[in-house]
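>>> Next comes the sequence, and after it the predicted model I'd like to discuss.
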Amino acid sequence: MADDIRVDVGFLRNLKTAKLSKALGGNMSDPVVCMIRLWLYCSERHKKGTLNGMDKADLETAAGWTGMPGAFAEHAIGMRWVDESPDGSLSIHDWVVHQPYIYHFDLRSERGRVGAKARWHKIPNEENQALNATGNAGGNAPAPAPAPAPDQDLPNSRTARAPQVDLKSTSSQPKPPPTIGQVVDYCRERKNNVDPERFHAYYTAIGWMVGKNPMRNWKAAVVTWERNDQAKSAKTKPPVPVDCVGRELKTTEPKTPVDFTNPTHYAMVKALDSAGINTDHLETLHALKTAFEQHRIQKVGG
């Protein structure tokens, strides 16, 4: 049983489609219709499923989305209809799996060109085949050669052999992609935080392509992901708290509240208040001690 159908890329642009939608009060900007429009756009312009040079706004324009800007792209990515790589590039999820006919369009075109070239140079020797059949029917003697004998050196000779064309050598044969196990082992070897399954699934979805070219070194791509993760981690690392003289504050102290009935605590608060230092924000004993120590150092230095 068939599990898919072929739809003309101009289906949503067809006048009858527009008339049908208008007659029944349909909405050509419905999110599902926009998703179909995006697929049809890719089948015409981005046959590998990778939306090269397009950002999220371009994606919504290609899909015909007229609703809130950014909403369609956000939900399409969040629901994994569209994949977003760490470098921000976009691609249709599992395009090579669901659209292999379109994805391998260039390979089929190349094979068709090579096949046409082979047929153009091949000239069938029908006369020799007929003579051989006649001679074999009359006895064991070989059939006489046609007179005059054709010149074997002439390129237009009817007995000239067609050139042998190797289809495999004329078409690009990409190297087989790594298995998920190989990616897992390499990530463990490098002791990085790259998710092997996410890495393998992403490049499988785009046919192990880098832009418009087949991937040559998947290990180098792992290293790139590794460095991107490190860069993101460095940007999101919280700042280290320091005191007024630039020393790092220890944050491992227990958060003991200030006890104003304690004479020591009360004396430190009074000393800070007398110096004109606001103590309203000093809710823990550690914060009170730190502020008092800073005040004492400044007082001695002054």
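All right, it came through fine.

>>> For Met209, give me phi and psi.
phi -110, psi 150 (degrees, to the nearest 10).

>>> Please apply the same query to Met54.
Main-chain torsions, Met54, degrees, to the nearest 10: phi -110, psi 140.

>>> you'd agree it is up against Ile92?
No: the criterion here is C-beta atoms under 8 Å, and Met54 misses it with Ile92 at 11.3 Å. All C-beta atoms are positioned from the backbone trio N, CA, C, and that covers glycine.

>>> who has more neighbours, those two?
Ile92 (26 against 18; other C-beta atoms under 10 Å).

>>> What is the end-to-end distance of stretch 44-63?
One end of stretch 44-63 sits 13 Å from the other (C-alpha to C-alpha, to the nearest Å).

>>> Pull out the buried residues from that stretch.
Neighbour counts using 16 or more other C-beta atoms under 10 Å place 46-51, 54, 56, 59-60, 62-63 of stretch 44-63 among the buried residues.

>>> Sitting in strands, which of those do you find?
In strands, judged by DSSP state E, none of the buried residues of stretch 44-63 are found.

>>> Dump the residues you listed to CSV, plus pLDDT and distance to Gly276.
As requested, the buried residues of stretch 44-63 are arranged in CSV below (pLDDT from 0 to 100; distance: C-beta to C-beta, whole Å):
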residue, pLDDT, distance to Gly276
His46, 91, 67
Lys47, 86, 72
Lys48, 90, 69
Gly49, 88, 67
Thr50, 90, 64
Leu51, 91, 61
Met54, 92, 59
Lys56, 89, 53
Leu59, 86, 58
Glu60, 91, 57
Ala62, 90, 63
Ala63, 89, 62
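
>>> Angles on the backbone of Asn14, please.
Per degrees, to the nearest 10, the backbone of Asn14 is at phi -70, psi 140.

>>> Could I get the contacting residues of it?
Asn14 is in contact with Asp8, counting by C-beta atoms under 8 Å, 6 or more residues apart in numbering.

>>> can you map out the helices along the stretch 101-250 of the chain?
Counting by DSSP state H, counting those that start in this stretch, one finds helices in the stretch 101-250 of the chain at the ranges 105-121, 126-138, 167-170, 180-190, 196-205, 218-236.

>>> hey, which of those helices is tucked in deepest?
helix 196-205 (a mean of 17; mean count of other C-beta atoms under 10 Å).

>>> Quick one: low-confidence residue ranges for the stretch 101-250 of the chain.
121-174, 236-250 (pLDDT under 70).

>>> For the stretch 151-300 of the chain, which segments are assigned as strands?
Ranges of strands in the stretch 151-300 of the chain, per DSSP state E, counting those that start in this stretch, are 209-210, 213-214.
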